[in-house]
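Student: how would this look folded up:
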Amino acid sequence: MNPVLPFSAAHREPPFQDWMHAVQTHIEATLARLLPPETAIPARLHQAMRYVSLGGGKRVRPLLAFAAGELSGGRTESLEIVACAVELIHVYSLVHDDLPCMDDDVLRRGRPTCHVEFDEPTALLVGDSLQSLAFELLSRAELGLPERQLAMINWLARASGSCGMAGGQAIDLDAVGHHLNQPELELMHALKTGALIRAAVMLGALCGNPLTPEENQALDRFAKRAGLLFQVIDDILDCTASTATLGKTAGKDAAADKPTYVSLMGLERAREFATDLRAQALQSLAPFGERSQRLIELTDFITHRTF
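Tutor: As a prediction, the model looks like this:
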């Protein structure tokens, strides 16, 4: 990996918290550079795009992309592009998710949501524009071989559409007030949350040396388990953490009568399920040995996060 970040493979690996902070800081700076300036016409739209994209968030998906890229020996110049593309899709989904016609929330990342700070039409256009920018980034020549870029675009498109994130949201909306069994709940979240997390991992890996078919299957298994783990922890936090801690409205799923892992299993069984998913995710990384250090650490971060 080229030493754009403060750390490189030529030096002793930094502690996880230092590595995470370095990647988060780098992604923030890269997003600030890649987003249109807030003075560019149409200024209000560009101001809103920057408002929702900068200055907040854990950047879990970019972190996963960088960690998978380290596993495959990816270049920072490529990883920063794919990490930002995935994050832009994620932010667009949050903007649309918060709209009154969807989950109708007024708080995101500790600040007023986009449609509250600006207005509903602007929020709709912000989501559209962030999605378009994500695919524009993936079409850039500096990402390398055209066949790899095509694979990246395909991964992100499938993860974002009706067979991925948008489809999962549709199932979620239809499920309000209804009981879902565990397989149905897992399918919903494999699409709504897991598909984009899976894409982040696989796009990061595509920035480096080719993996064997067996390695690709193992990494995909990890990504699927990690995506489900993230959602289970999210459901637990929704009913155990405060609004101030989460940066969004706590308890909203229960208030809206949405099916969650906590409502299905109870809190303690949901925690046990998260422990099982963590073990499955880590087992999937066994073939990679020390190359998967950052993915292992990120799995623990996802498991033990408090916001």
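
Student: going forward, measure contacts between C-alpha atoms and count neighbours the same way
Tutor: Will do.

Student: Give me the distance from the host helix or strand of residue 230 to the chain's centre.
Tutor: Per DSSP states H and E: residue 230 is located in helix 213-240. Centre-to-centre, helix 213-240 and its host chain are 11 Å apart (C-alpha atoms, centre = their mean, to the nearest Å).

Student: likewise stretch 20-33?
Tutor: For stretch 20-33, the distance to the chain centre is 15 Å (C-alpha atoms, centre = their mean).

Student: In it, which residues are buried?
Tutor: Neighbour-count burial for stretch 20-33, with 16 or more other C-alpha atoms under 10 Å as criterion, is recorded at 20, 23, 24, 26, 27, 28, 31.

Student: again, but for stretch 93-104
Tutor: In stretch 93-104, counting by 16+ other C-alpha under 10 Å, buried: 93, 94, 95, 96, 97, 98, 99, 103.

Student: what does that stretch contact?
Tutor: 52, 105, 106, 113, 114, 115, 120, 123, 124, 126, 127, 173 (C-alpha atoms under 8 Å, 6 or more residues apart in numbering).

Student: can you list the weak-confidence ranges in the stretch 1-150 of the chain?
Tutor: Within the stretch 1-150 of the chain, the ranges that satisfy pLDDT under 70 run 1-12.

Student: 50 - rerun?
Tutor: Within the stretch 1-150 of the chain, the stretches with pLDDT under 50 are 1-4, 6-10.

Student: go on, the stretch 201-307 of the chain?
Tutor: In the stretch 201-307 of the chain, no residues with pLDDT under 50.

Student: make it 80
Tutor: Applying pLDDT under 80 to the stretch 201-307 of the chain flags residues 241-257, 306-307.

Student: got the residue ranges for the helices in it?
Tutor: With DSSP state H, counting those that start in this stretch applied, the stretch 201-307 of the chain shows helices at 213-240, 243-246, 252-255, 261-265, 267-284, 293-304, listed in chain order.

Student: Output those as CSV; include the columns distance to residue 62 and mean neighbour count.
Tutor: What follows is the helices of the stretch 201-307 of the chain, written out as CSV (distance: least, C-alpha to C-alpha, whole Å; neighbours: other C-alpha atoms under 10 Å):
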stretch, distance to residue 62, mean neighbour count
helix 213-240, 13, 20
helix 243-246, 20, 15
helix 252-255, 26, 14
helix 261-265, 26, 19
helix 267-284, 18, 17
helix 293-304, 11, 19
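
Student: Nearest to residue 161, out of these?
Tutor: Between residue 161 and the helices of the stretch 201-307 of the chain, the tightest spacing by C-alpha to C-alpha is seen for helix 213-240, at 16.7 Å.

Student: Tell me the helices and strands packed up against the closest one.
Tutor: Secondary-structure packing of helix 213-240 (3 or more C-alpha pairs under 8 Å, 6 or more residues apart in numbering; DSSP states H and E): helix 182-189, helix 195-206, helix 252-255, helix 261-265, helix 267-284, helix 293-304.

Student: got the ones you listed as TSV, with distance to residue 63 columns?
Tutor: As requested, the helices and strands packed on helix 213-240 are arranged in TSV below (distance: least, C-alpha to C-alpha, whole Å):
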stretch	distance to residue 63
helix 182-189	20
helix 195-206	9
helix 252-255	27
helix 261-265	25
helix 267-284	16
helix 293-304	8
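
Student: closest one to residue 137 among these?
Tutor: Using C-alpha to C-alpha, these put helix 195-206 closest to residue 137, at 12.8 Å.

Student: Report the inter-axis angle for that closest one versus helix 182-189.
Tutor: Counting by axes from the mean of the first three to the mean of the last three C-alpha atoms, to 10 degrees, helix 195-206 points 60 degrees away from the direction of helix 182-189.

Student: distance between helix 195-206 and the chain's centre?
Tutor: That offset, for helix 195-206, works out to 9 Å (C-alpha atoms, centre = their mean).
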